[in-house]
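1. Next one to model:
(one chain, ligands or ions: 2)
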Amino acid sequence: MKSSNLKEIIQGIPKAELHLHIEGSFEPELMFEIANRNNIPLAYDSIESLKKAYKFNNLQEFLDIYYIGAQVLINEQDFFDLTWAYLTKVHSENVVHVEIFFDPQTHTDRGVGFDVVINGIYKALEKGKQELGISYKLIMSYLRHLSEDSAFKTLEASLPFKNWIDGVGLDSSEVGNPPSKFEKVFKASSEQGYKLVAHAGEEGPSSYIWEALDLLKVVRIDHGNRCLDDEALVQRLLDEKIPLTLCPLSNVELKVIQKMEDHPVLKMLEKGILATIHSDDPAYFGGYMSENYYETAKALNLSTEQIMQLAINAFEASWLSDDEKKKHIKTVKNYFNSLVI
Ligand code: ADE
Ligand code: ZN
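-> Ligands and ions are numbered 1, 2, ... in the order given. Below is the predicted model:
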């Protein structure tokens, strides 16, 4: 397949994004604009010098910069603008459903109210649904480098907004902060009706994926790259149809893998794992959904069927109703059937 053709095909696929940190979609241009209007100095004197700093050897080096960038977000309008910019961008890539993370503690620890953060995000998501036709779910993610007590406070703060939040997740510095640290707060979150997911097996070992499943009782694993180290774990993922939300460009940029050709998604698909592709923190890792599909498909020489499978898997793995899933999957299949390749 010619690469221009591959790009066009990917652009046209109706896509679902299930692993996106809204703070990670903060483009430098918007960051400078918001920093200016909030009178907050940035450590970089231009967009170019900021972009030059986006070189990471591991997850922590990225997180250090990501948390600094988020510090300019103060007012509801800032969170609205951030979310709206993401939605208009992915709309142009034919993303029709999103399940996005926000990190309340990144903001509440700086004195920004939980209500300020969620009002801005929620209003943009609703506008996206009305005006762009993008359906959505919202996932509140606990920061795992902080204490479980802090996560409990966040859970408490979320309760007045329970109707707007579909699930909770676990992100930030993985190694040394195993899922077991958050067992109680995940149980309490589930009792409040939240669905559960967790980042596991990105940099951490496969034992963290077991813990996320057995102790946190998550329904989806974010990343999960390391599962292939453990045959029994692969079998468990297959038996229970546990989805993995993979983020290939993120994995290359954070040196989880050395090059895209090493990405485990092809092996996962061949084993029948419910593997899906997403963008994680696209403003930092050089691409949104279409680039993630394209770079992966190109490097691993994925077949059209495999690309279609990835798109179908994402709807399958989503929290849409069975009827909505069926409708989207049919649209994906019709799209591929209509292609003359
Ligand atoms: N927060 C934002 N992006 C993340 C990632 N890739 N891993 C863990 N925490 C994150
Ligand atoms: Zn992530």
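2. can you pull the buried residues of stretch 124-131?
-> Buried residues in stretch 124-131, counting neighbours by 16 or more other Cβ atoms under 10 Å, are found at Ala124, Leu125, Gly128. For the C-beta atoms, the positions are set from N, CA and C on the backbone; glycine is no exception.
3. Let me have the residues you listed in CSV, adding pLDDT and distance to ligand 1 as columns.
-> Shown next, in CSV, are those (pLDDT from 0 to 100; distance: Cβ to the nearest ligand atom, whole Å):
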residue, pLDDT, distance to ligand 1
Ala124, 99, 19
Leu125, 99, 19
Gly128, 99, 21
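4. now the strands for the stretch 201-341 of the chain?
-> 220-223, 244-246, 275-277 (DSSP state E, counting those that start in this stretch).
5. In JSON lines: those, plus mean pLDDT.
-> Output for those, formatted as JSON lines (pLDDT from 0 to 100):
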{"stretch": "strand 220-223", "mean pLDDT": "98"}
{"stretch": "strand 244-246", "mean pLDDT": "98"}
{"stretch": "strand 275-277", "mean pLDDT": "98"}
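6. Quick one, which of those strands gets closest to ligand 1.
-> Ligand 1 lies closest to strand 220-223 among those, at 7.0 Å (Cβ to the nearest ligand atom).
7. Name the surrounding residues that touch the closest one.
-> 18-19, 169, 171, 197-202, 209, 212-213, 227, 237, 242-247, 251, 256, 317 (Cβ atoms under 8 Å, 6 or more residues apart in numbering).
8. Columns distance to ligand 1 and mean neighbour count on top of the strands of the stretch 201-341 of the chain, output as CSV?
-> Converted to CSV, the strands of the stretch 201-341 of the chain look like this (distance: least, Cβ to the nearest ligand atom, whole Å; neighbours: other Cβ atoms under 10 Å):
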stretch, distance to ligand 1, mean neighbour count
strand 220-223, 7, 26
strand 244-246, 11, 26
strand 275-277, 14, 27
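9. now for those strands, which one comes closest to Glu183?
-> strand 220-223 (16.2 Å; Cβ to Cβ).
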